[in-house]
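Student: Sequence first, predicted model second:
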Amino acid sequence: MTPALITLAVLAGIALIIGLWVMGAYNGLVALRNRFKNAFAQIDVQLKRRYDLIPNLVETAKGYMKHERETLEAVISARADAQKCEVNVNADPSDPAAMAALMKAEGQLGGVLGKLMMLTENYPDLKANQNMMQLTEELTSTENKVSFARQAYNDSVMVYNTGRETFPTNVIAGMFSFKEAVLFEIQEESERKAPSVKF
């Protein structure tokens, strides 16, 4: 073998190794991105369940809370806003603006739901209503599931972001426009407290 062929073979071997590494890094980032998108899909399932429960909760409360119309309308409005934002995030969980809008809408929904739950304290017949008790229990269970799904999502986002920011994978992430994923965080301190529901 001539030195030129040896040099060519070595260069071809190096190019092959680099190509395989680029392919592996790219595929690893795709797998991590799909993992955090799937984790958001789990949040999505629980949010839809919660959105479906809210009209029943409001309808049950409506008969008892005739003087609280403003609160009931605020709950329905906040639910509609949160649903719109959730659809946008579901289309692209890596969109920071959509995620920020969803976090804000969810915070507002949590606030008005908490207010509704506090107002039910003033209506003993409503508190004793079997339908209301069941809906409240389902809503509480769903809130817990949302929390667990949010934790799994945030864990997946952390792994993805770490993989995308670590050298030398960050070079591949930059070349192929892998965007940073956004954590699904509670923005207001008041949202960190669960609404007190007593029946």
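Tutor: All right, it came through fine.
Student: just for the protein, where's the confidence low?
Tutor: Across the chain, the ranges flagged by pLDDT under 70 are 187-199.
Student: from the middle of its chain, how far away would the helix ranked longest in it be?
Tutor: Using DSSP state H, we find that the single longest helix of the chain is helix 3-62. Counting by CA atoms, centre = their mean, to the nearest Å, helix 3-62 is centred 15 Å from the centre of its parent chain.
Student: name the helices or strands packed onto it?
Tutor: If you count contacts as 3 or more CB pairs under 8 Å, 6 or more residues apart in numbering; DSSP states H and E, helix 3-62 packs onto helix 69-91, helix 96-119, helix 130-165, helix 169-175. Heads up, the C-betas are built off the backbone N, CA and C, glycines and all.
Student: can you rerun that using 7 Å?
Tutor: helix 69-91, helix 130-165, helix 169-175 (3 or more CB pairs under 7 Å, 6 or more residues apart in numbering; DSSP states H and E).
Student: right, so of those, which gets closest to Ala41?
Tutor: For Ala41, the closest of the helices and strands packed on helix 3-62 is helix 69-91, at 7.6 Å, according to CB to CB.
Student: List the contacts of the closest one.
Tutor: 40, 44, 47, 51, 54, 58, 61-62, 65, 95, 98-99, 101-102, 105-106, 108-109, 112-113, 115-116, 119 (CB atoms under 7 Å, 6 or more residues apart in numbering).
Student: among these, which ones are buried?
Tutor: Using 16 or more other CB atoms under 10 Å as the burial test, those include 40, 44, 47, 51, 54, 58, 61, 65, 95, 98-99, 101-102, 105-106, 108-109, 112-113, 116, 119 as buried.
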